[in-house]
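Undergrad: Please find the sequence and the predicted model below.
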Amino acid sequence: MNVVRLHIFDVEHGECSAIETPSGHLILIGLGHNSTTGWRPSSWVRQRNQRPSCVVMTNLDRDHVSDIASFEPHLRPETIKSNHYINPSWIRALKIAECGEIDPAIETALRWMEGVYTGLPITPAYGMELQYFYNSPAQFQDTNNLSVVTFLRYGGCGVLFPGDLETAGWMALLQDQTFRTCLLQTNLFIASHHGREGGYCQSVFQFCRPDAVIISDKPIVHGTQDHDLYSGHCNGLSFGDTLRRVLTTRNDGKITIEIPPLGAYTVFLRT
């Protein structure tokens, strides 16, 4: 039985998830790391002795690619998925205007975009349904609203990874009927922008009532980290006698979801 295993790692205010696909390939969504514990996706991949087949670069900000240098050169993915509307030169100019310089991790990500790592996956969709959505720089000039949104569906379970998409970016994507259909099929919703208020869009939940929202975060340091934004939109998941609507890596550690081709999926905490 080809079970999909989805790992959402504790990388604090970063992003890193891994998908073990039915075809036996490995997909990474984001390459963030945990600066407190020292955990890095590159070390996890080395322990598995499995080069990633694909890396989805959801957002060209440091917290999404902070461990990318550790993948050079032997762990480079066979392909990457990024927002194909984005010109790396434009990002360089944007970062210099914002910060005065380009972070080395972002520069490596841009070189990947310019190099040989783009193209079609070896096995299309890796035995699952995978769809990607993103806005254009003609609409937005900030990296958050140019995030790659990934929708995964397998065995009757849909999972949505929205990067750091903000309210205006959500509203633009909601104009797409295919995107709205994916929302209707979403069971597990990864909160955009680490659960912060800027990544919340109430209109999304006219089309989406997930079982749970999952937030990648660390101890609250921003007033905009308000988990109550999401709990009212969720059906809830049972963990023994407890019904949970919002899960966080801060409280729950690494979160693993096992999705069989038939039947119910299972969520494991602190695995």
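TA: Great, that's in hand. Residues are numbered from 1 along each chain as shown.

Undergrad: Which of the helices or strands spans Ala105?
TA: helix 104-114 (DSSP states H and E).

Undergrad: quick one: stretch 261-271 to chain centroid distance?
TA: 18 Å (CA atoms, centre = their mean, to the nearest Å).

Undergrad: can you give me the mean pLDDT across that stretch?
TA: Average pLDDT, stretch 261-271: 90.

Undergrad: Also stretch 173-190?
TA: On average, the pLDDT along stretch 173-190 is 98.

Undergrad: who does the nearest residue to Gly236 once chain neighbours are set aside bridge with?
TA: Spatial nearest neighbour of Gly236, chain neighbours left out: Leu243 (4.2 Å); criterion: CB to CB, 6 or more residues apart in numbering. C-beta: built from backbone N, CA, C; applies to glycine. Applying DSSP bridges to Leu243 gives these bridge partners: Ser238.

Undergrad: Next, count neighbours for Leu243.
TA: Neighbour count for Leu243, taken as other CB atoms under 10 Å: 12.

Undergrad: doesn't Leu237 make contact with it?
TA: Yes - contact status for Leu243 versus Leu237: in contact at 7.1 Å, counting by CB atoms under 8 Å.

Undergrad: which residues does the closest residue to His194 other than its chain neighbours contact?
TA: Once flanking residues are discounted, His194 sits nearest to Asp217: 4.7 Å by CB to CB, 6+ apart. Residues near Asp217 by CB atoms under 8 Å, 6 or more residues apart in numbering: 12-13, 194-195, 225, 248-250.

Undergrad: Likewise for Gly156?
TA: Going by CB under 8 Å, 6+ apart, Gly156 touches Leu262.

Undergrad: Would you mind measuring from it to Arg46?
TA: Going from Gly156 to Arg46 by CB to CB, to the nearest Å gives 33 Å.

Undergrad: hmm, back to that, among the contacts of Asp217, show me the least confident.
TA: Taken together, the contacts of Asp217 show their lowest pLDDT at Gln225, with 47.

Undergrad: hmm, who's touching the helix or strand harbouring Val159?
TA: Using DSSP H and E, Val159 sits within strand 157-161. Strand 157-161 is contacted from outside by 6, 17, 29, 56, 58, 149-153, 182-183, 185-190, 208, 210, 257, 259, 265, using CB under 8 Å, 6+ apart.

Undergrad: same deal with stretch 242-254?
TA: Residues from elsewhere that reach stretch 242-254, judged by CB under 8 Å, 6+ apart: 7-12, 195, 212-219, 227, 230-231, 234-238, 255, 267, 269-271.

Undergrad: Likewise for stretch 40-53?
TA: 9, 16, 18, 21, 25-28, 31-34, 67, 70-71, 74-79, 121-123, 126.
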